[in-house]
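> dropping the sequence and predicted coords here.
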Amino acid sequence: MKIHSKKLAALSGLVLTSFLAACSNGEETARTDSVNKSKTLKFMVTSENYSGRLKDFISHYEAKSGNRVDVQLFPATEFENMLKVKMMSNEGPDLFVTDDIAMAQFQVSKAWFEDLSGEPWTSRLSEGGKKIIQWNDGRITGLPITNPGGMGILYNKAIFKKLGLEVPATWDEFLKVCDKIKQAGIVPVNIQLANGSEFGTTHMMHQLFANAELNRGKEADRFWQDLNTHKINITEVKEYEQSLNQMVELKEKGYINEDFISNTFEMTQEKLGTGKVAMHPAGDFILEPLLKKYPDMELGFFSMPFGNTPGAISLYAGVGISVNAKASHKEEALELIRLFASKEQQEIYLQKSPGISVFSDVNAKQNMISGDLQRYMDNGKAFMGMFGKYEAWNDMDARKIMQEMMLGGKKPAQVLKELNAKMEIVAKGKKLPGWSQ
């Protein structure tokens, strides 16, 4: 009997051990299957634009999807070359960013981009939002990870109130406003030409140039087609010469800061923040560093008048996230974009850095000037800058020639002639149709 009991106990122990081993192996297999189902997406992004809110969104995506995102950071100065190397060697990431969604169509190969135009979320884009991110051929290839915006005139509300000034609606009114400000011992308009004319002179140029599209109304698309195929060139666009003449007039009347050639972005913030200057051509990208130093400052935003009209503003799309057309995990990459485009995620994203939204159903938290900017967009007075519409355009060339013009070395007509010559070189290099080879 005892022997039988011992055998039974031994047999029971063996069965239990086998059962536990089987359970253990089952759990391990399930765990392995789960790991195998998880995908790792590669995402190339400029280190300067890997913001806290973008990190938060990626963490949310990983938690929701079970996938991982391998974020590959490169400084902006190296990013485009690194992206080209990876794409051309078929080692491109699943997702990548571009400096500006609209401008990207001219900077790198269009074949790299998955066409997102058929995605369900595109039906929620506002008319103004679509205008910002859509390519010339109508394609949509990305969504902004930095706030899109517009370039106009920022002004110190306290100075305008103290001097009893109203926002001008014509060029003559603008000049009168400048004169009153100057008489009060304040610099009317601040620009800068240091460091390649960033944050100032070309921003003024782009917003004034936008009047060419405004004036053409329903013929605007044809206007851009003719420019891009060189049926007309920029020397023949009267609005462009008038724009440059207005800029030169400001300088000749003494309404621009005398130190514009050495003025820097940091100096501009100090002048605006301490009330030494009243106006500055820029967009909302200046707000975060400026208000960090001068939190009580109140700024307004308006378009620089053009002739006898209030004028228009120039838009920029912002840094965008796109899907590689040859992505290893394309469906997962598209799912990430869909989640990012959702109303809920867009509202969370814009709460963390207020500004305008490209979606009509998103309640975006406003910053100090985004309400004014949105009104220009809603009223059809906001247009994509040259850099996002004109394939032969080179902003760096424009910056250098602007410098010479503002220093008195070149007349506006000469500036346009030289810019056209520069663009002919770019166009021939790209073998653009319509430009003589």
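Structure received. Numbers count the residues shown, from 1 in each chain.
> Met304 and Leu208 touch, don't they?
Yes. Between Met304 and Leu208 there is a contact at 6.2 Å, judged by CB atoms under 8 Å. Bear in mind the C-beta positions are built from the backbone N, C-alpha and C, glycine included.
> what's the overlap in contacts for these two?
Common neighbours of Met304 and Leu208 (criterion: CB atoms under 8 Å, 6 or more residues apart in numbering): Gln246, Gly311.
> mind checking which helix or strand Met205 is in?
helix 201-216 (DSSP states H and E).
> where along the stretch 51-200 of the chain do the strands fall?
Counting by DSSP state E, counting those that start in this stretch, the stretch 51-200 of the chain has these strands, from start to end: 68-74, 95-98, 143-144, 149-156, 187-189.
> those: which one's closest to Phe387?
strand 149-156 (11.0 Å; CB to CB).
> and the closest one, C-alpha only, in PDB?
What follows is strand 149-156 as a C-alpha-only set of coordinates in PDB (Å, rounded to 0.1, in the frame of the first residue of the first chain):
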ATOM      1  CA  GLY A 149       2.100  81.100 -38.900                       C
ATOM      2  CA  GLY A 150       2.300  84.300 -40.900                       C
ATOM      3  CA  MET A 151       4.700  87.200 -41.300                       C
ATOM      4  CA  GLY A 152       3.300  90.700 -40.700                       C
ATOM      5  CA  ILE A 153       4.100  93.700 -38.500                       C
ATOM      6  CA  LEU A 154       4.300  93.200 -34.800                       C
ATOM      7  CA  TYR A 155       3.600  96.400 -32.800                       C
ATOM      8  CA  ASN A 156       3.900  97.500 -29.200                       C
END
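> one step back: check which helices and strands the helix holding Met205 sits against.
Packed against helix 201-216, as judged by 3 or more CB pairs under 8 Å, 6 or more residues apart in numbering; DSSP states H and E, are the following elements: strand 149-156, helix 220-228, helix 238-252, strand 277-282, strand 313-316, strand 382-384, helix 395-406.
> using TSV, please lay out the ones you listed together with mean pLDDT, mean neighbour count and distance to Ala104.
Converted to TSV, the helices and strands packed on helix 201-216 look like this (pLDDT from 0 to 100; neighbours: other CB atoms under 10 Å; distance: least, CB to CB, whole Å):
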stretch	mean pLDDT	mean neighbour count	distance to Ala104
strand 149-156	94	27	17
helix 220-228	94	16	16
helix 238-252	97	18	24
strand 277-282	95	26	23
strand 313-316	93	28	12
strand 382-384	92	26	13
helix 395-406	85	18	14
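> now distance to Lys422 too, for these, in JSON lines please.
Formatted as JSON lines, the helices and strands packed on helix 201-216 follow (distance: least, CB to CB, whole Å):
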{"stretch": "strand 149-156", "distance to Lys422": "22"}
{"stretch": "helix 220-228", "distance to Lys422": "14"}
{"stretch": "helix 238-252", "distance to Lys422": "14"}
{"stretch": "strand 277-282", "distance to Lys422": "23"}
{"stretch": "strand 313-316", "distance to Lys422": "20"}
{"stretch": "strand 382-384", "distance to Lys422": "21"}
{"stretch": "helix 395-406", "distance to Lys422": "5"}
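> among those, which is nearest Trp135?
With CB to CB, the closest approach to Trp135 among the helices and strands packed on helix 201-216 belongs to strand 382-384: 10.2 Å.
> I'd like the next helix or strand past the least confident helix or strand in the chain by mean pLDDT.
Lowest on mean pLDDT, DSSP states H and E among the helices and strands of the chain sits helix 2-37, with a mean of 46. Note on helix 2-37: by DSSP H and E, the next helix or strand toward the C-terminus is strand 40-46.
> show me what that next one is packed against.
Against strand 40-46 (3+ CB pairs under 8 Å, 6+ apart) you get strand 68-74, helix 76-88, strand 95-98, helix 330-341.
> buried sites along the longest one?
If I follow you right, that is helix 76-88. Of all the residues in helix 76-88, those buried under the rule 16 or more other CB atoms under 10 Å are Phe79, Leu83, Lys86, Met87.
> follow-up on the earlier one: tell me which of the helices and strands packed on helix 201-216 sits nearest to Gly300.
strand 149-156 (5.1 Å).
> who are the packing partners of that closest one?
Packing partners of strand 149-156 (3+ CB pairs under 8 Å, 6+ apart): helix 201-216, strand 277-282, strand 299-302, strand 313-316, helix 370-378.
> how about those, which one is nearest Ile101?
Closest to Ile101 of the helices and strands packed on strand 149-156, according to CB to CB: strand 313-316, at 9.2 Å.
> and Gly255, how far from Lys343?
Quick fix: residue 255 reads Tyr, not Gly. From Tyr255 over to Lys343 the distance is 45 Å, taken as CB to CB, to the nearest Å.
> same check on Lys411?
The gap separating Lys411 from Lys343 is 51 Å, by CB to CB.
> I'd like the mean pLDDT over the helix holding Met205, please.
Averaged across helix 201-216, the pLDDT comes to 94.
> what comes up buried for it?
For helix 201-216, the neighbour count (16+ other CB under 10 Å) marks 201-215 as buried.
> reformat the strands of the stretch 51-200 of the chain as JSON lines; add distance to Lys326.
Output for these, formatted as JSON lines (distance: least, CB to CB, whole Å):
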{"stretch": "strand 68-74", "distance to Lys326": "17"}
{"stretch": "strand 95-98", "distance to Lys326": "12"}
{"stretch": "strand 143-144", "distance to Lys326": "20"}
{"stretch": "strand 149-156", "distance to Lys326": "32"}
{"stretch": "strand 187-189", "distance to Lys326": "48"}
